[in-house]
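> this one's structure only:
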């Protein structure tokens, strides 16, 4: 009896193989939530991505009832973007934050993603000034809105995550 691995490499078995990628690329929206993560996102945007859009979250609108109607997201060129439009066009939203800064937009973005059924990943990049308190604060802000939350030491992890998402 031949080994299973030898049997599946035969010409007869090869006719059953599918010579195509196993899934379609995802449209990934990468959103910087604070000033420090904005610089990270701008550097990442310079890499050759096929299916990624990079956005900056500015101050959160004061009236919660107007989410999606006010332009408080922008692309890297500074053009205003509507949250609802960006979420509807996305398969995955990657939120990028840093430990020492506040990320008030995470709640609104996270809730919009949840309502639209869009997968959300949050990445806290870098080491905070006070290593115990800073990540804890960022975790508290992002955890309710991101089923996947990662603390990454360097921004290279964000690039690796995007490559894994086929951005």
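Yep, that arrived. These numbers come from a predicted model, not from an experiment.

> so where do the strands sit in the protein?
28-32, 52-57, 73-75, 80-81, 92-97, 119-125, 148-152 (DSSP state E).

> elements contacting the second one?
Yep, that's strand 52-57 we're talking about. strand 28-32, helix 35-45, strand 73-75 (3 or more Cβ pairs under 8 Å, 6 or more residues apart in numbering; DSSP states H and E). Glycine gets a C-beta too; all of them are placed from N, C-alpha and C.

> 10 Å instead, please
strand 28-32, helix 35-45, strand 73-75, strand 80-81, helix 83-88, strand 92-97, helix 105-116 (3 or more Cβ pairs under 10 Å, 6 or more residues apart in numbering; DSSP states H and E).

> Tell me the strands beside it, with direction?
strand 28-32 (parallel), strand 73-75 (antiparallel) (DSSP bridges).

> Can I get these in CSV including mean neighbour count, mean pLDDT and distance to residue 40?
Shown next, in CSV, are the strands paired with strand 52-57 (neighbours: other Cβ atoms under 10 Å; pLDDT from 0 to 100; distance: least, Cβ to Cβ, whole Å):
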stretch, mean neighbour count, mean pLDDT, distance to residue 40
strand 28-32, 26, 95, 7
strand 73-75, 17, 91, 16
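
> between the ones you listed, which one is nearest to residue 148?
Residue 148 lies closest, by Cβ to Cβ, to one member of the strands paired with strand 52-57: strand 28-32, at 13.2 Å.

> tell me the angle that closest one makes with helix 35-45.
Here strand 28-32 runs at an angle of 140 degrees relative to helix 35-45 (axes from the mean of the first three to the mean of the last three Cα atoms, to 10 degrees).

> Strand 28-32: how far from the chain's middle?
Centroid separation between strand 28-32 and its chain, computed with Cα atoms, centre = their mean, to the nearest Å, is 5 Å.
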